[in-house]
Each structure stands twice: as structure tokens, then as C-alpha cells.
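[1] sequence unknown, structure follows:
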């Protein structure tokens, strides 16, 4: 597995950097403008979650391949407080920060594959893939 | 500095200069300095080394002033800080080496004296450079802030807020403030928020826009969201953001027509 881009998130500017890196790779892989917007928005949500809840963490963006398919994989990882109830955060409208509560379920809908691992007080790793159609 | 060492440095000035110029020429090829013409490069080097020797005999305040003047010029011409720090390192080496060759027994003494001398100069140079950067950074931040969320009255009772670029928490706060004060100041009944120039609308951006429009509603005006590009529309739907309570239009033009309608006006062509 070859990690192509890595962005440190420790301020709001990191979110912008991650987004731009994601848009660039999505364009290179050949995604259309709608999917580019989906991928960038997903990165934006994941990066913002890192910034909001864990203060700092990393976003990895890379090309994904599987049985002839090409796509883009986003991995967001942090060593923050972790998620207490994963089922709950995947519900629309559930929020602990006064936001819209659409972030994580939204990312799941924006992307094709979505996986979340979280350990309380250890951190969270989310990985999501969008396949090229 | 020790009077004797100072005299020695002056005595071997030309040897040190030659040594130094040789070294500096070596690292020129390594980087960005290649684009600078030979004459300019040589002149700047000369000036640099002259300035260094001048600092030997001057009072501290004088030294600071002459170094500042020199760095200001380099900064304006866009020379990298690397040139100066690297150049000074080489200069120290050249000076120490030359002096040690003449009087080997006093190596440690030379080394300490010369290091004290050049360290002081490095400090002044670096703080001057970074001060200029910080200043530029601050000014750009201010300039960005001024541009960030203007509310423009376009007709009686109708205002437009064009948003361009990334919306972060700081800007979201400003959008809210400018909207509310502007609505009251211009007595707007309808405010158009144009997001054509916003690259990404995620849940936070949407949340801020929803809050702003809710606040505008409380002061008695209406918000129309315009400039939603097709791909943004799709991501908003995917995210599951509910903008149902919100009047939206695809373009600013349509938004203005709607706003005129809401204030019982319309644009008509004049028949001659």
C-alpha cells in the first residue's frame, strides 16, 4: 500500500490543505466534478471532526485499486477521545457539538465504502473509499 | 571584542574575503540563487563582506542600523534568508581558518571571539527577516479580513453578500455580524447570500448559513441563498442537509428577480 498524500490537521488551515490535496488526487484519478465535490466534502467533514474533537490528527489520501476498479481512499486518524456509541453517531441529527449532526452519516452517503474504528480514550480511525465509475 | 584579534582580522581582511568568496561561489549553484546575474551576485557578496568588517569597529547601535539597512534591501530584492545564514557560517569558518593558520596556538580564543561576533549579527539578521515576514503575514490577514464578508446594497431594501473562498469559524462569525448590522443599516428586506465562490459546502458551512439566515429572519428580513452549483446541490442532498425552510435560487440574477418580486417591484424595458 502506497500512501500518496499525508496532511497533518492541527488548525483550520489543515482542513483546507487536506481538501485541496484530495481534490487534486481525485482530479488526477479521473473523477468528474460532482464526485470531486463529494470527495472534497467528505475530506472536509472528516478533517473538521479531527479538529473539533481530537484537536489534532492525520488525513491520508491515496489511490485505491481492487479487482480492476480504481478509486480514492481517505483515511482519517486521530488519538482523540474516541467515540462512545458508534451506532448513535451514524444516526442523522445526532450531535455533541451543536452542529447539524449530518457529518459522519453524510460522509457514508457521499462515499462508496465506509469503515469506522474507535476505541474510547484511544482514538478513532475512519477509512472511506470512492470508486471511479 | 579583543583589540588584538580585531587588528588581526583587519590585517588579513583580503585573505578572508577571498576565501569566503570562493566558498560562497560553491553553494550558489545548489539553489535558487542561480537566476541572479553574476554582477549582482558579486556586488551583493562584496557589500555583505564589507558590512561584516565594518561591524568590527562600530558601536552596537550603529551596527544594528547598518545591518538593518542591508537586510531591508535584500528582503526587497527577495533574497532568501538561507543566503545570509549560510554566508555567515562560511564567513566564520573562513575567518577562523585564516587566523589559525597564522597563529595556531590561539585557536580556541579565536574561535570564541569570532563566534560571539558573528552570533550577534545572525541574531539581528534573523529577527529582522522574521519581523518582516510576521508583518507581511499580519497585513495579508487584515487584507483578507477586509475582503471577507461585504454586504452590498444593490437596490432599495435589497442587499447582496457574495461569499468567495473557504469559510472558517472566524469568517462565519464575521458573516453573521456583517449581515445583521448591514441589514439594519441599509434597511434591507431581502438579503441574497451568494455562494458561487465557496469551493466546499460541508455541514459546518451549511450550519453557519442556516444560523445566519435564521438570525436575519429575527431582525425582520428574508434570506435567499443563490449561486448553488449543481455539484454542490448534489453534495448537500447526499449530506442530508435540510435547506427546505430556505428559499434558494440557482443564480444571483434569478435571486434578484425574486427579491424584487418580494418587495413588489420588477424590472421593465422602456418602450421608446
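    Received the coordinates, thanks. What you are looking at is a predicted structure, and each value in this text was computed from that prediction instead of being measured.
[2] hey, let's count contacts and neighbours off CA atoms from now on
    Will do.
[3] quick one: contacts for the residue of chain A found nearest chain B?
    Relative to chain B, the nearest point of chain A is residue A:106 (3.9 Å; Cα to the nearest Cα). Taking Cα atoms under 8 Å, 6 or more residues apart in numbering or on different chains, we find residue A:106 in contact with A:42, B:238, B:239, B:240.
[4] Run a quick neighbour tally on the first one.
    Taking other Cα atoms under 10 Å in any protein chain shown as the neighbour definition, residue A:42 ends up with a count of 29.
[5] you'd agree residue B:180 is up against residue B:214?
    No: at 10.7 Å, residue B:180 does not count as touching residue B:214 under the criterion of Cα atoms under 8 Å.
[6] Residue B:201 and chain A: what is the separation?
    7 Å (Cα to the nearest Cα, to the nearest Å).
[7] lowest average confidence, helix or strand, in chain A?
    helix A:86-89 (a mean of 87; mean pLDDT, DSSP states H and E).
[8] all helices for the chain, in order.
    Reading this off chain A. With helices called from DSSP state H, chain A shows them at A:12-29, A:33-49, A:86-89, A:103-110.
[9] Please refer instead to chain B.
    Under DSSP H, chain B gives helices at B:3-11, B:13-28, B:38-54, B:60-77, B:81-102, B:107-147, B:169-185, B:203-218, B:230-239, B:252-262.
[10] where does the chain have low pLDDT?
    Chain wasn't specified; assuming chain A. A:1-3 (pLDDT under 70).
[11] right idea, wrong chain: chain B
    B:1, B:29-35, B:60.
[12] any idea which residue sits dead centre in it?
    The residue lying closest to the centre of chain B (Cα atoms, centre = their mean) is residue B:137, at 3.5 Å.
[13] how near is it to chain A?
    Distance of residue B:137 to chain A, given as Cα to the nearest Cα: 14 Å.
[14] do residue B:213 as well
    With Cα to the nearest Cα as the criterion, residue B:213 and chain A are 15 Å apart.
[15] Kindly report the same for residue B:178.
    Applying Cα to the nearest Cα, the value for residue B:178 to chain A is 22 Å.
[16] before we move on, what about residue B:231?
    For residue B:231, the distance to chain A - Cα to the nearest Cα - is 5 Å.
[17] That residue and residue A:39 touch, don't they?
    No: at 11.2 Å, residue B:231 and residue A:39 do not qualify as touching, with contact defined as Cα under 8 Å.
[18] quick one: which of those two has more around it?
    More crowded of residue B:231 and residue A:39, by other Cα under 10 Å: residue A:39, with 28 against 17.
[19] residues contacting that one?
    Contacts of residue A:39 by Cα under 8 Å, 6+ apart are A:22, A:23, A:26, A:110, A:111, A:130.
[20] which ones are touching the residue lying closest to residue B:168 once chain neighbours are set aside?
    Residue nearest to residue B:168 in three dimensions, not counting chain neighbours: residue A:12, with 6.9 Å by Cα to Cα, 6 or more residues apart in numbering or on different chains. By Cα under 8 Å, 6+ apart, the contact set of residue A:12 is A:48, A:51, B:168.
[21] Of those, which is the nearest to residue A:61?
    residue A:48 (15.4 Å; Cα to Cα).
[22] Nearest residue to that closest one in space, ignoring adjacent ones along the chain?
    Once flanking residues are discounted, residue A:48 sits nearest to residue A:15: 6.4 Å by Cα to Cα, 6+ apart.
[23] what does chain B put close to chain A?
    Residues of chain B lying near chain A by Cα under 8 Å from any Cα of the partner chain: B:166, B:168, B:200-204, B:207, B:230-232, B:234-235, B:238-241.
[24] Pull out the buried members of those residues.
    B:166, B:168, B:200-204, B:207, B:231-232, B:234-235, B:238-241 (16 or more other Cα atoms under 10 Å in any protein chain shown).
[25] Tell me the residues of chain A that contact chain B?
    A:12, A:16, A:33-35, A:37-38, A:40-42, A:44-45, A:92, A:99-100, A:102-103, A:105-107, A:109-110.
[26] Could you give me the ChimeraX syntax to select whichever of those residues are buried?
    Buried residues among those (16+ other Cα under 10 Å), as a ChimeraX selection:
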select /A:12,16,34,35,37,38,40,41,42,44,45,92,100,102,103,105,106,107,109,110
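[27] For residue 50, the count of nearby residues, please.
    No chain specified, so I'll use chain A. Using other Cα under 10 Å, residue A:50 has 26 other residues around it.
[28] That was the other one, I meant chain B.
    Residue B:50: 13 surrounding residues under other Cα under 10 Å.
[29] Could you do residue B:209 as well?
    Residue B:209: 21 surrounding residues under other Cα under 10 Å.
[30] Quick check: it vs chain A, distance?
    12 Å.
[31] Nearest to chain A: which residue in chain B?
    residue B:239 (3.9 Å).
[32] how near is the nearest residue to that residue once chain neighbours are set aside to residue B:235?
    Excluding the flanking residues, the one nearest residue B:239 by Cα to Cα, 6+ apart is residue A:106, at 3.9 Å. Note on residue A:106: its distance to residue B:235, by Cα to Cα, to the nearest Å, is 9 Å.
[33] tell me, what's touching those two both at once?
    Joint contacts of residue A:106 and residue B:235 (Cα under 8 Å, 6+ apart) do not exist.
[34] how many other residues sit next to the nearest residue to residue A:127 once chain neighbours are set aside?
    Residue nearest to residue A:127 in three dimensions, not counting chain neighbours: residue A:75, with 4.3 Å by Cα to Cα, 6+ apart. For residue A:75, the neighbour count with other Cα under 10 Å is 22.
[35] ok, now which ones touch residue A:75?
    With Cα under 8 Å, 6+ apart, residue A:75 has these contacts: A:59, A:60, A:61, A:125, A:126, A:127, A:128.
[36] Can you tell me how far the first one is from residue A:12?
    What it means is residue A:59. Residue A:59 sits 13 Å away from residue A:12, taking Cα to Cα as the criterion.
[37] just residue A:75 next, same as before
    18 Å.
[38] who's in contact with residue B:202?
    For residue B:202, counting by Cα under 8 Å, 6+ apart, the contacting residues are A:41, A:42, A:44, A:45, A:103, B:236, B:239.
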